[in-house]
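Colleague: Predicted model and sequence below, questions to follow.
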Amino acid sequence: MKASRLASAIFASALGLGSVAALADVPAPQDIPFNGTLKINVDATDLAHRVFRVHETVPAQAGPLTLLYPQWLPGNHSPTGPIDKLAGLVVKANGKVIPWKRDPLNVYAFHVDVPQGANEVQVEFQFLSAQDVRQGRVVMTPEMLNLQWNTVSLYPAGHVASQIKAETTVTFPAGWQYGSALEMASRNGDTVTFKPIDYDDLVDSPIFAGKYFKRVDLDPGAKTPVFLNIVADDPKFLEIKPDQLKMHQNLVQQMYKLYGAHHYNHYDFLFSLSDKMSGIGLEHHRSSENGVGTSYFTEWDKNASMRDLLSHEFNHSWDGKYRRGADLSTPSFNVPMQDSLLWVYEGQTQFWGYVMAARSGLWKQDQAIDMLANVAATYDRGRPGLQQWRNIQDTTNDPIIAMRRPLPYRNFQMSEDYYSGGQMIWLDVDGKLRDLTGDKRSIDDFAKAFFGVKNGEWDVNTYTFEDVVKTLNDIAPYDWSSYLRERLDGHGPLIGGFEANGWKLVYNDKPTDVAKAMETRAGGANLTYSLGVSMGKAGDVVDVLWDGPAFKAGLSPGMKVIAVNGKEYSSDAIKDAVTAAAKDKNQPVELLVKNFDEYKTLRIDYHDGLKYPHLERIEGKADRLSELLKAR
Ligand SMILES: [Zn+2]
């Protein structure tokens, strides 16, 4: 909690003179005990209107009080607390309504004056779930809900979040069951009271509840239990076949073999299978929020590309929640975060998410290799922005810049490329560690040394860039600082890790099974590495590769392709046209496109045929990639 000093420094230095007076009204978090306990009572029964009703008691004393709505959200790494959905705020003291005033320079802060004689204030408000996805995440449906404590609580400014105790009660819709890392203190019908917990851990402990619920033991008989808590739109989606269960149980054991330590006293995967509630992948220390479509278990073969979700979010308990970049670890939810080390937090988690999906059997080894081929192609030819202007290090600012809003030219703008670009860097590091040590050491050793320490402890353990370099040096002495900086600050490609591990990236005219399934799911056509365009449903242009053939012909995202070579658009028609143009160099791919209310014909002069990425073995070189992906 040394970061409370950091917070004051940020507030003091970041503000111009004019704003100091106004923001001085929001006290910086102090690492001192908070007297009393927040009592937060949530009524989650209004399914018809999708409204969470909050009644909260905040211990207070006479004088000015500032209540904060969490703004900077861990896991989002950004100031995205959904304050636009807070409504109906009423504050009372001594049984009377008292006025509140929102800070004009910090719209997440509400100022009140606590009258003489009052030792607490009563706060009421509603958190309104998005009614449809255009408004944000839908978090309440007739069958399930996703309660995140940062959305249904205010907390007093002036204290670090870990110094504030909170006691919570939730009333669920009749007969619903729930999963959470929170521990139950008592239950009265559908109303559950949870054991008091520090406010920062409360925000880290969301709830999934549902009408159709199943709790699956992923580590039977273990002293530290791990459960998969599933809610679904319909009971039929809760069916899990024995081999599917076994793979998810394997995931837990493979993680333990990798890290040799864990940082929780129990762990609960929260997992929604829904076409109504919005999807999610959000890590917490003792749980994770995971949301996918209904058919995760029931159409197993079609959903391979989603099966690194649980391994990714579980890995964050080690990388991200327990060990966290020092500049990302903040004393409260209203102090700005800095994201400079997300290429470790998310990049290495992306790496292990893939590897652990393979080691646990959630992916067959060839599925993992096909998934990696897609990533390899992205950082070979799919990110002109990386080559032309923006490096991976700069993309760590993107949660704050873009906040996951859709982008017009994603491939040129770059976005959260520290995920998959970071994954490529860590694969490269693995190859280098193996080179330096004659295959005696690998990235497994780094993972264990860096994240697998102090078994059972779960206070945040921060690190810096220098700590990463030191741990690598302890495993295999080398100029790791320059090695990492060249990759983080340079302009790619970032795919050296494949060659180091005995594989190379090639392109041919057949998609991998995984790529074909992803194309089918999206209902489009992925021609990124041929025409330089990715098509969505019904001819919608989703993405156009900057400076690629389609871009040069005048195509842009947002247009609609009506016809290809004079025939009605279909994903097959556009692929056939690419193949025809490869046979006849005088035949362009001719698209009739609609742009707003204009129709025009674009001719794409491209004759190299369909191109899909694949990984191929380099004969005579050790196959370290298969070794990496093999169960331990
Ligand atoms: Zn992540």
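Modeller: Here it is on my side, so go on.

Colleague: surely residue 132 meets residue 50?
Modeller: No: using CB atoms under 8 Å, residue 132 is not in contact with residue 50; the gap is 10.2 Å. From N, CA and C alone the C-beta is placed, and that goes for glycine too.

Colleague: Please enumerate the shared neighbours of these two.
Modeller: When contacts are counted by CB atoms under 8 Å, 6 or more residues apart in numbering, residue 132 and residue 50 have residue 138 as shared neighbours.

Colleague: More neighbours: these two, which one.
Modeller: residue 50 (17 against 8; other CB atoms under 10 Å).

Colleague: Residue 55 contacts residue 121, correct?
Modeller: No: Residue 55 is beyond contact range of residue 121, at 11.7 Å (criterion: CB under 8 Å).

Colleague: Neighbour count for these two, which is higher?
Modeller: residue 121 (23 against 14).

Colleague: buried set for the strand or helix carrying the more buried one?
Modeller: Assigned by DSSP states H and E, residue 121 falls within strand 120-128. Neighbour-count burial for strand 120-128 flags 120-123, 125-128 (criterion: 16 or more other CB atoms under 10 Å).

Colleague: wait, which of those is closest to residue 161?
Modeller: Residue 161 lies nearest to residue 123 out of those, by CB to CB, at 17.2 Å.

Colleague: The closest one bridge partners, please.
Modeller: Beta bridges link residue 123 to residue 56, residue 91 when assigned by DSSP bridges.

Colleague: Would you check how far apart it and the ion are?
Modeller: Separation of residue 123 from the ion (CB to the ion, to the nearest Å): 32 Å.

Colleague: Residue 548 now?
Modeller: For residue 548, the distance to the ion equals 29 Å [CB to the ion].

Colleague: Leaving out chain neighbours, which residue sits closest to that residue?
Modeller: residue 532 (2.3 Å; CB to CB, 6 or more residues apart in numbering).

Colleague: next one: residue 171
Modeller: residue 191 is the one closest to residue 171 (CB to CB, 6+ apart), at 4.5 Å.

Colleague: List the contacts of the one you found.
Modeller: 169-172.

Colleague: Could you count how many residues lie near residue 171?
Modeller: 16.

Colleague: confidence score at the closest residue to residue 609 other than its chain neighbours?
Modeller: The shortest distance from residue 609 to any non-neighbouring residue, by CB to CB, 6+ apart, is to residue 582 (3.6 Å). Looking at residue 582, its pLDDT stands at 97.

Colleague: okay but residue 582 is in contact with residue 611, surely?
Modeller: No: under the criterion of CB under 8 Å, residue 582 is not in contact with residue 611, lying 10.2 Å apart.

Colleague: And the one helix or strand the residue nearest to residue 609 maps to, what's buried?
Modeller: Residue 582 belongs to helix 571-583 when assigned by DSSP H and E. By 16+ other CB under 10 Å, the buried positions in helix 571-583 come out as 571, 573-578, 580-582.

Colleague: which of the residues you listed are close to the ion?
Modeller: By CB under 5 Å from the ion, no member of the buried residues of helix 571-583 lies near the ion.

Colleague: So for stretch 379-396, first residue to last residue, what's the gap.
Modeller: Taking CA to CA, to the nearest Å, the first and last residues of stretch 379-396 lie 16 Å apart.

Colleague: err, stretch 494-507, not the other one
Modeller: Span of stretch 494-507 from end to end, CA to CA: 17 Å.

Colleague: Run through who's touching that stretch.
Modeller: Residues from elsewhere that reach stretch 494-507 (CB under 8 Å, 6+ apart): 369, 372-373, 376-377, 379-380, 386, 392, 421, 424-432, 434-435, 487, 529, 611-618, 621-625, 628.

Colleague: Could you give me the buried positions within it?
Modeller: Buried residues in stretch 494-507, counted by 16+ other CB under 10 Å: 494-498, 500-503, 505, 507.

Colleague: need those in TSV with distance to residue 260 and secondary structure, can you?
Modeller: As requested, the buried residues of stretch 494-507 are exported to TSV (distance: CB to CB, whole Å; DSSP: H, G, I helix; E, B strand; the rest coil):
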residue	distance to residue 260	secondary structure
494	29	coil
495	30	coil
496	29	helix
497	24	helix
498	28	helix
500	26	helix
501	24	coil
502	27	coil
503	28	strand
505	33	strand
507	40	strand
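
Colleague: Now that we have the residues you listed, can you turn them into JSON lines and tack on distance to the ion?
Modeller: Output for these, formatted as JSON lines (distance: CB to the ion, whole Å):
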{"residue": "494", "distance to the ion": "19"}
{"residue": "495", "distance to the ion": "21"}
{"residue": "496", "distance to the ion": "24"}
{"residue": "497", "distance to the ion": "20"}
{"residue": "498", "distance to the ion": "23"}
{"residue": "500", "distance to the ion": "25"}
{"residue": "501", "distance to the ion": "23"}
{"residue": "502", "distance to the ion": "28"}
{"residue": "503", "distance to the ion": "25"}
{"residue": "505", "distance to the ion": "25"}
{"residue": "507", "distance to the ion": "29"}
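
Colleague: Sounds good, over and out.
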